[in-house]
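A.B. asks: My questions are about this predicted structure, shown below with the sequence.
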Amino acid sequence: MKLFFARMMAKANLMLLPFLAKFGIWGLGALALLDSSTLPVPMDVFLAYSVWHDQSRFLLYCVAAAAGSAVGGLLPYGLGRVGGELFLLKRVNRERFERMRTRFERQEFLAMTIPSMLPPPTPWKACVFAAGVFEMRILPFMLAVFVGRMVRWVVLSLLVLKLGPGAVDVVAHHALTVVAAVGLLALGGFGWWWFRKSRAGQLVEN
């Protein structure tokens with residue numbers, strides 16, 4: 001059954017992707033929507049191809065893809081919000097579940113932005129599902145996905161403009177390095193934000 005499903009998904013990709021790719025910016029947005037909601041799509045490849053053949057509008061391709069990804073993510077987000085709590089509670093006890101919720105709520109925007117910035121094999125849909133389970137508000141969720149995807153695809157587009165379509169392979173081969181670099185930047189940014197917040201609180205108390 002799994003093999004049959006995999007074949008059907010591959011067949012759907014072969015039929016849908018070339019069709020949607022013909023529609024330029026709108027087609028790329030639709031591909032991103034599919035990738036985030038249902039069908040896995042090699043978005044980096046399609047973005048690189050689109051940017052290389054229409055370099056003057058690379059930013060529009062990034063915006064369309066990021067917006068499509070934010071909208072498409074509402075499906076796994078909604079599944080998490082509707083039935084995800086019961087799903088998780090079958091696997092962890094209530095105490096651990098509440099600890100997970102508390103950790104997520106403290107930094108939910110970063111918890112959604114960072115995975116959206118990272119290339120495969122980041123378990124992005126699992127993060128989206130968790131955002132639904134822990135009831136992250138819809139607008140901040142979509143904004144976090146949009147920002148993360150924009151960062152990812154603007155960087156990729158700039159690499160494509162500099163190195164050509166082969167930049168996709170560069171990103172793929174150095175995925176762990178990219179993950180580590182983004183992780184360090186995110187930790188640094190969070191540390192700076194926490195420092196400023198703590199300092200502001202001390203000033204208010206004084």
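C.D. replies: Received it, and whenever you're ready, just let me know what you need.

A.B. asks: What does residue 119 show for phi and psi?
C.D. replies: Dihedral pair for residue 119: phi -80, psi 170, per degrees, to the nearest 10.

A.B. asks: okay but it is in contact with residue 153, surely?
C.D. replies: No. Using Cβ atoms under 8 Å as the test, residue 119 is too far from residue 153 to be in contact (10.3 Å). The way it works is simple: take the backbone N, C-alpha and C, and place the C-beta from them, glycine included.

A.B. asks: who has more neighbours, these two?
C.D. replies: Between residue 119 and residue 153, residue 153 has the larger neighbour count (other Cβ atoms under 10 Å), namely 28 against 20.

A.B. asks: Residue 67 is in contact with the more buried one, correct?
C.D. replies: No. Judged on Cβ under 8 Å, residue 153 makes no contact with residue 67 at a distance of 11.1 Å.

A.B. asks: re earlier: any residues in contact with both of residue 119 and residue 153?
C.D. replies: Residues touching both residue 119 and residue 153 by Cβ atoms under 8 Å, 6 or more residues apart in numbering: none at all.

A.B. asks: so how many other residues sit close to the spatially closest residue to residue 81 that is not a sequence neighbour?
C.D. replies: Among residues not flanking residue 81 along the chain, residue 132 sits closest, at 3.8 Å (Cβ to Cβ, 6 or more residues apart in numbering). As a burial measure, residue 132 scores 23 neighbours (other Cβ under 10 Å).

A.B. asks: Fine by me, we can end here.
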